[in-house]
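Visitor: the following block contains a protein sequence and its predicted model.
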2 protein chains.
Amino acid sequence: MKDGIDVLVHEVGPRDGLQSIQTIFPTDAKLEWIRAEAAAGVPQIQVGSFVPPKLLPQMADSADVVRQAIEIPGLTVSALVPNLRGAENGMAAGAHQIGVVLSVSEAHNYSNVKRSVQESLDGFSEIVAHRDAHPEYKDVVISGGLATAFGCTIDGPVKVADVMRVAEEYLKRGADRLSVADTVGYANPGQVKALFEELYRTVGTDVSVGAHFHDTRGLGLANAFAALEAGVRELDACLGGLGGCPYAPGATGNIVTEDLVFMLESMGLRTGIDLDALVACREIMERHLTDEPTHGAFATAGKPLGFQPATAA
Amino acid sequence: MKDGIDVLVHEVGPRDGLQSIQTIFPTDAKLEWIRAEAAAGVPQIQVGSFVPPKLLPQMADSADVVRQAIEIPGLTVSALVPNLRGAENGMAAGAHQIGVVLSVSEAHNYSNVKRSVQESLDGFSEIVAHRDAHPEYKDVVISGGLATAFGCTIDGPVKVADVMRVAEEYLKRGADRLSVADTVGYANPGQVKALFEELYRTVGTDVSVGAHFHDTRGLGLANAFAALEAGVRELDACLGGLGGCPYAPGATGNIVTEDLVFMLESMGLRTGIDLDALVACREIMERHLTDEPTHGAFATAGKPLGFQPATAA
C-alpha cells in the first residue's frame, strides 16, 4: 500500500468503462482523463487492455496510452491482458502492473478466450516466466484476476471451492496479488463477505487482494463495504460508473469511483483522493462522450454539511 | 416478526415517496398501488401521514387510505404522525401502527414542527396515553422515530449520545419499537453499523428496531447491509426509489424496495415477497406519475441466472 492511504482505489474506467461503450476516445482524451484523475490523487489507473484491436478497437492505442501515462509522477499504471502476447506488449510499453484475467467459470472462460481454465493458468505461468526472464521487468507486478467469481451468465452459480482452487494456483505460479471480480453483477454482500473471508483463510492475509464490483443490480457499494468488512483494501471503480451493458438501458457498469471514495473517506478510510477534484474529472470525461449516460449519486448531491475527509488515525 | 420471514420490509412509498414529488395521487391510485404490493407479499406499508393538508396536500386523504387499506388481509398498515392530533386521527382511521417522528437534531426538529426535542418527547407521551386510554386501540403499535440520526442539513453531525438519549426516552415513555432514520442521506456504512451496535448495547436486543435509509449519495443499500450486520431486521424502502429532492435532479429518495428485496433474498433472508410480482408493481405506480423519474437497478437487470429466493434455514 502506498504511504498515507488506507484503501487503494484503482480507477478502471479508461479500460472497463471505455470498452463497454460505443464512443471511441482518442488517445489524447484518454490521457486528459487519466492525468486529471492522477492529479486528484487517484493512486492507480488501469489505462488499457492489450487485446487484438479487431476485438476491441477502443483499446487499440493501449501501448501509446501506457507509454504516456507512466510519465505521470506517482501514478501506478496497470493494464489488462488475456494472454502472453498481451502481457509481452503491456510490459514492453512499460505498464507497472499487468492484470491477467481468466474466468473461474469454464463456460465463461471458453466463451471469452477459447481456453479451459487450466490452459489459461498455464498461460499465466508463461507470463510470469516472461517477466522473470527479463531483468528490466523485475518490478512489474503481476495480478491474477478471477472473473465471474460470484456467478456467471452462462453457468449460473460458481462454486467457492473453484474460486479457491484458482486463487491457490495463481499464487503457486507466481502471482504477486489477486483480483476477485463480480464480472456480471451477480454478487450479494453476504456472499462477498463469506467469499473473501474464505479466501483469506485459504491464502493467508499477507496476500494483496483486490475486489472488482459492478453495480448491475444496485448492490455494488454494499458489496464493496462487505469486502472491506472481510479485510479487502483494494477496490476497482469507474468514474461516473461509465459502462454497463448496451442491451440494458440504465444498467450501470463498475461501481462509481466518486461514490466509493465518498463512502471510504466518510468511514475514516484514507484514499489520498480529493473529492472535489475527482468530481471535476467527470466533466473532462463527459466532454468526449456522445450518448452514453453517466451514473453516480455523490456528484449530484455533494458533501454532507460538516463532512470531513479521513485523517490519519 | 411475522411467520416465515427473516427481515420485515416496510414499504414507505405511498408516504415518503408521494410526499416528495409534485404529482398528487388520487386515493384510488394509492390503493391500487398498496393492494398490488400487498398481493406481492409486502407485509407492511406506510400508507399516509396525518399532517395538516395545507402542508402536504398529497396526504390529505390519509384517513380514507388507511380505512380501505386495513381491509387488505394480512397487511400491517402504518401511518406517520407528527403530534397528538395526527395520532388521534390515525388511530381513529384504524392504523395498525403509528409512527411518531421527531428529529434528534434540535434545529431540524424545530424547523419541522416548531418544537424542541423535549417538547416532541412530551407529545409522544400524550400519544401513548391516548392509546392507553382507549381500549379499542390496545393493539396499536406505537413506533418512536429518530430522524436525522446520522446527520442533519442544518446542524451537520449529530452526536451518537443524543440518539441514545432519545431512544431511551422513547422506551421509557412507552414506545413499542424504534425507527432510526438517515433522513437526509448523510450516513455511511461504518457509522450505521457502529450506531446500531451502540443502540442494541443501550436498549437491549429485545427491542424491535427499524432502519430508514435514503440513497441520496449512493450508499443506501450499503447502509442497509451494515444495519443487517448489526442485527437490524426491519427496513424501510420505497418502490422505484420514488422521491428525492426536487432541487437535485437525479437524486434518489428512499432505498429501492425491489433492489433491497433482491439483496435480502440473495443473502438467504426471507422477506415473504415475490420479486416478479413486486417489480410488476412499478408499472402500476408509474401509470400515475407525470414527470417524476423512478430508480432502481434490479428492475432493469432482472434476476441472475440460477437465482433462488431464500428458503427456511
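Guide: Received, thanks.
Visitor: and the residue of the stretch 101-250 of chain A closest to chain B?
Guide: Nearest residue of the stretch 101-250 of chain A to chain B: A:G156, at 2.8 Å (C-beta to the nearest C-beta). In short, each C-beta sits where N, CA and C put it, glycine included.
Visitor: residue ranges with poor pLDDT in the stretch 51-200 of chain A?
Guide: Of all residues in the stretch 51-200 of chain A, none has pLDDT under 70.
Visitor: can you pull out the helices in it?
Guide: Along the stretch 51-200 of chain A, the stretches classed as helices by DSSP state H, counting those that start in this stretch are A:62-69, A:84-93, A:106-113, A:117-133, A:160-172, A:189-203.
Visitor: want to try CSV for these, with distance to chain B and mean neighbour count as columns?
Guide: As requested, the helices of the stretch 51-200 of chain A are exported to CSV (distance: least, C-beta to the nearest C-beta, whole Å; neighbours: other C-beta atoms under 10 Å in any protein chain shown):
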stretch, distance to chain B, mean neighbour count
helix A:62-69, 28, 22
helix A:84-93, 29, 20
helix A:106-113, 11, 18
helix A:117-133, 19, 17
helix A:160-172, 14, 18
helix A:189-203, 4, 20
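Visitor: okay, those helices in CSV with distance to B:I127 next?
Guide: Output for these, formatted as CSV (distance: least, C-beta to C-beta, whole Å):
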stretch, distance to B:I127
helix A:62-69, 63
helix A:84-93, 67
helix A:106-113, 57
helix A:117-133, 63
helix A:160-172, 50
helix A:189-203, 37
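Visitor: does A:A227 count as helix, strand or coil?
Guide: Of the three states, A:A227 takes helix under DSSP: H, G, I helix; E, B strand; the rest coil.
Visitor: ok, it - contacts?
Guide: A:V192, A:K193, A:F196, A:A211, A:F213, A:L235 (C-beta atoms under 8 Å, 6 or more residues apart in numbering or on different chains).
Visitor: now the helices for the stretch 201-313 of chain A?
Guide: Counting by DSSP H, counting those that start in this stretch, the stretch 201-313 of chain A has helices at residues A:220-230, A:257-266, A:275-286, A:298-301.
Visitor: mind putting the ones you listed into CSV with distance to B:C152 and mean pLDDT?
Guide: Shown next, in CSV, are the helices of the stretch 201-313 of chain A (distance: least, C-beta to C-beta, whole Å; pLDDT from 0 to 100):
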stretch, distance to B:C152, mean pLDDT
helix A:220-230, 23, 98
helix A:257-266, 15, 98
helix A:275-286, 20, 97
helix A:298-301, 15, 94
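Visitor: out of those, nearest to B:D276?
Guide: Nearest to B:D276 among the helices of the stretch 201-313 of chain A is helix A:220-230; the distance by C-beta to C-beta comes to 22.1 Å.
Visitor: nearest to chain B: which residue in the stretch 201-313 of chain A?
Guide: With C-beta to the nearest C-beta, the shortest gap between the stretch 201-313 of chain A and chain B falls at A:G306, namely 2.8 Å.
Visitor: residues near that residue, how many?
Guide: A:G306 is flanked by 13 other residues according to other C-beta atoms under 10 Å in any protein chain shown.
Visitor: didn't A:V166 look like it was pressed against A:S105?
Guide: No. Taking contacts as C-beta atoms under 8 Å, A:V166 lies outside contact range of A:S105: 10.3 Å.
Visitor: quick one: the residue of the stretch 101-250 of chain A closest to chain B and A:E106, what's the gap?
Guide: Distance, A:G156 to A:E106, by C-beta to C-beta, to the nearest Å: 12 Å.
Visitor: try A:L228
Guide: 30 Å.
Visitor: and if you look at A:G220?
Guide: From A:G220 to A:E106 the distance is 26 Å (C-beta to C-beta).
Visitor: can you check A:T148 too?
Guide: As judged by C-beta to C-beta, A:T148 and A:E106 stand 10 Å apart.
Visitor: okay, and the common contacts of those two?
Guide: Counting by C-beta under 8 Å, 6+ apart, the contacts common to A:T148 and A:E106 are A:D155.
Visitor: kindly provide the distance from the residue of the stretch 101-250 of chain A closest to chain B to A:V163.
Guide: Distance check for A:G156 against A:V163: by C-beta to C-beta, it reads 15 Å.
Visitor: can you check A:L80 too?
Guide: 19 Å.
Visitor: CA atoms only for stretch A:177-197 - export them in PDB, please.
Guide: The C-alpha coordinates for stretch A:177-197 follow below in PDB (Å, rounded to 0.1, in the frame of the first residue of the first chain):
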ATOM      1  CA  ARG A 177      -1.600 -10.400  -6.000                       C
ATOM      2  CA  LEU A 178      -5.200 -11.400  -6.700                       C
ATOM      3  CA  SER A 179      -8.100  -9.600  -8.100                       C
ATOM      4  CA  VAL A 180     -11.600 -11.100  -7.500                       C
ATOM      5  CA  ALA A 181     -14.300  -9.900  -9.800                       C
ATOM      6  CA  ASP A 182     -18.100  -9.900  -9.900                       C
ATOM      7  CA  THR A 183     -17.800  -9.500 -13.600                       C
ATOM      8  CA  VAL A 184     -21.600  -9.700 -14.300                       C
ATOM      9  CA  GLY A 185     -23.100  -8.000 -11.300                       C
ATOM     10  CA  TYR A 186     -24.400 -11.200  -9.600                       C
ATOM     11  CA  ALA A 187     -22.900 -10.800  -6.100                       C
ATOM     12  CA  ASN A 188     -24.600 -10.000  -2.900                       C
ATOM     13  CA  PRO A 189     -22.900  -8.700   0.200                       C
ATOM     14  CA  GLY A 190     -23.400 -11.800   2.300                       C
ATOM     15  CA  GLN A 191     -21.700 -13.800  -0.400                       C
ATOM     16  CA  VAL A 192     -19.000 -11.300  -0.800                       C
ATOM     17  CA  LYS A 193     -18.100 -11.200   2.800                       C
ATOM     18  CA  ALA A 194     -18.100 -15.000   3.100                       C
ATOM     19  CA  LEU A 195     -16.000 -15.500  -0.100                       C
ATOM     20  CA  PHE A 196     -13.300 -13.000   0.900                       C
ATOM     21  CA  GLU A 197     -13.200 -14.400   4.500                       C
END
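Visitor: chain center to stretch A:4-14: distance?
Guide: Taking C-alpha atoms, centre = their mean, to the nearest Å, one finds the center of stretch A:4-14 at 9 Å from the center of the full chain.
Visitor: span of it from start to end?
Guide: Distance across stretch A:4-14, first residue to last, is 25 Å (C-alpha to C-alpha, to the nearest Å).
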